[in-house]
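[1] Generate coordinates for the sequence data below:
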Amino acid sequence: MTAPTATETTTDVLIIGAGPTGLALACDLTRRGVNCHVLERAPQPSTASRAKTIQPRTLEVADDLGVIEHVLTQGLTNIPTRHYDRDRVVSEAVELAGGESTPDAPYPPVWLSQPKFEQILRDRLAALGGTIHAGAEVTALQQDTDGVTATVETAAGQHTIHARYAVGADGGRSTVRTLTGIELHGTSLTDQRWHLGDVRISGLSRHCQHLWTGKDGLLSLFPLPGTDLWQFQAAIPADVVEPETPSLELFRRIFADRAGLPDVQIEDVEWLSLYKINVVLADRYRIGRIFIAGDAAHIHSPAGGQGMNTGIQDGYNLGWKLAAVLTGADPALLDTYEAERRPVARDVLDDSTARLGQVMRATGQNNGPSAQQGLTDEHTTGLNITYPDSPLTHGPGAGGRAPDAPCHDATTGRPTRLFDLMRGPHWTLLSFGTTAALPTPPHGLRAFQVTIDPTATGPDTVIDTDGHARRAYQITDDELVLIRPDGYIAARRPAQDLDAILALHATHGL
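    Okay, the predicted model is just below:
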């Protein structure tokens, strides 16, 4: 290959878009030693709040990527919702599902605005040695059997990037999707439109979300953690043909009409938006060496707080597979990205649309508490996502998320967790029972013995003191559990089937 010129760059993976999906993918690839180049069209990160719910499964991704402590420190859990009838408080309660941590699922949902979460991921990427190239817009994409060539426009002029693979994580108006000819199919919910904004408010307690429902629609004021801002959400009545352009004056008028709290004042606004809900899904997630992820691949109702979370999990699913293929794994591994993630998006589209319809019906009946009931449940936490039909799922009991559990180290006696054993870019083999861990596991695999024997000793051995691990994995006998780098169970086998387990890892785990 000819050496690149000053206006050319070569890389393994080109990531187009530095929102939460692209950043999660970049962090995952960079920690694996993959050379990736991240482009962002906007010159500066957006400060608009947009998404604000980080679901339990995404928090487990944050744990693996090394940012969970920052998320928990900056975000808040168990923010209650206060329902009103004009100026009268009707009820107040925590209504977000999954609010309690358990031994197998340690993280309840966290409230944190998307810009705050993106900053945490940007800081992590920088700590890993990665860089974001802002103000860079892709205007053309070409590919052949060896790679992808992108033409990029920047303030300094035109630039060419050669990559072995490219990923479009560039949002609902994805340039990558357009350039590759991938199509979106779905519908626009024309009767469900919203005025959104980030505002400053005086005279209102920040300990809870404030919610009004009635004939004019839902109004929500949500305190954004770590800021002095509130997210303003106001449903636009279905009979309004042409919604007003959002403005500070409009928001004040909506608040006066629907809330009626004389001592509360909307002082100013930082972001305004007229939001129209689309429910669409890409017909494919890949063309050759080019992939799409996040909002570039699926757009849906915000009900249930799954949008940003689904995108981050797209990137997390794709990252380890790209890294494996770049280091010698069968390229067919990349086919499993769409096979696994597109059905998840299809389910999220259907589920979030149904939940939004439920909210709007309850709102029209002026039933505030019912408007929120069922908006989230165990389904929206992401913990129940499974890949039962994936080519990477082998045998009964596989395909689901690998649970956490508290244990302690057999050598030091110190507390540890199964997530501590899984954290990192490797595959994990858990040997439950009397079978010792592998003394010299193959490259890319870490092996541990998980035993209930309190006298057990030895390296890579943890003691399941209270039996939490055995219950979480439903262990009834000596068993081997092979866990993928993204925390899903690839296979479960009796202890004597170690060779079969190692063969599966050799097939997918390079």
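
[2] can you tell me the distance between the two ends of stretch 477-493?
    For stretch 477-493, the first-to-last residue distance is 10 Å (C-alpha to C-alpha, to the nearest Å).

[3] same question for it, mean pLDDT?
    Stretch 477-493 carries an average pLDDT of 96.

[4] go on, stretch 287-305?
    Mean predicted confidence for stretch 287-305 is 88.

[5] what does stretch 410-430 give?
    On average, stretch 410-430 scores 96.

[6] how about that stretch: buried residues?
    410, 416-419, 421-423, 425-430 (16 or more other C-beta atoms under 10 Å). For the C-beta atoms, the positions are set from N, CA and C on the backbone; glycine is no exception.

[7] Then stretch 59-72?
    Buried residues in stretch 59-72, counted by 16+ other C-beta under 10 Å: 59-65, 67-68, 70-72.

[8] Which of the helices and strands in the protein ranks last by mean pLDDT?
    The least trusted helix or strand in the chain, going by mean pLDDT, DSSP states H and E, turns out to be helix 368-372, with a mean of 53.

[9] So for the helix or strand just after that helix, what gets flagged as buried?
    Toward the C-terminus, helix 368-372 is succeeded by strand 406-409 as the next helix or strand (DSSP states H and E). Within strand 406-409, the residues scored as buried using 16+ other C-beta under 10 Å are 406-408.

[10] Strand 406-409 packs against which elements?
    Strand 406-409 is packed against strand 415-417, strand 461-463, helix 468-473, with contacts defined by 3 or more C-beta pairs under 8 Å, 6 or more residues apart in numbering; DSSP states H and E.

[11] Let's see that with 6 Å instead.
    Helices and strands touching strand 406-409, as assessed by 3 or more C-beta pairs under 6 Å, 6 or more residues apart in numbering; DSSP states H and E, comprise strand 415-417, strand 461-463.

[12] Partner strands of the first one and their direction?
    If I follow you right, that is strand 415-417. Strands that pair with strand 415-417, judged by DSSP bridges, come out as strand 406-409 (antiparallel).

[13] quick one: the partner strand to chain centroid distance?
    Remark: strand 406-409 is offset 28 Å from the chain centroid, using C-alpha atoms, centre = their mean, to the nearest Å.

[14] what's next to it, contact-wise?
    103, 415-417, 462-464, 468 (C-beta atoms under 6 Å, 6 or more residues apart in numbering).

[15] Look up how far Thr175 lies from Arg122.
    21 Å (C-beta to C-beta, to the nearest Å).

[16] Surely Thr336 is in a helix?
    Yes: judged by DSSP: H, G, I helix; E, B strand; the rest coil, Thr336 forms part of a helix.

[17] So what's the residue count around it?
    For Thr336, the neighbour count with other C-beta atoms under 10 Å is 18.

[18] Can you give me every residue that contacts it?
    Counting by C-beta under 6 Å, 6+ apart, Thr336 has contacts 390-392.

[19] please redo it, this time with the cut-off set to 8 Å
    Shown in contact with Thr336 (C-beta atoms under 8 Å, 6 or more residues apart in numbering): 321, 390-392.
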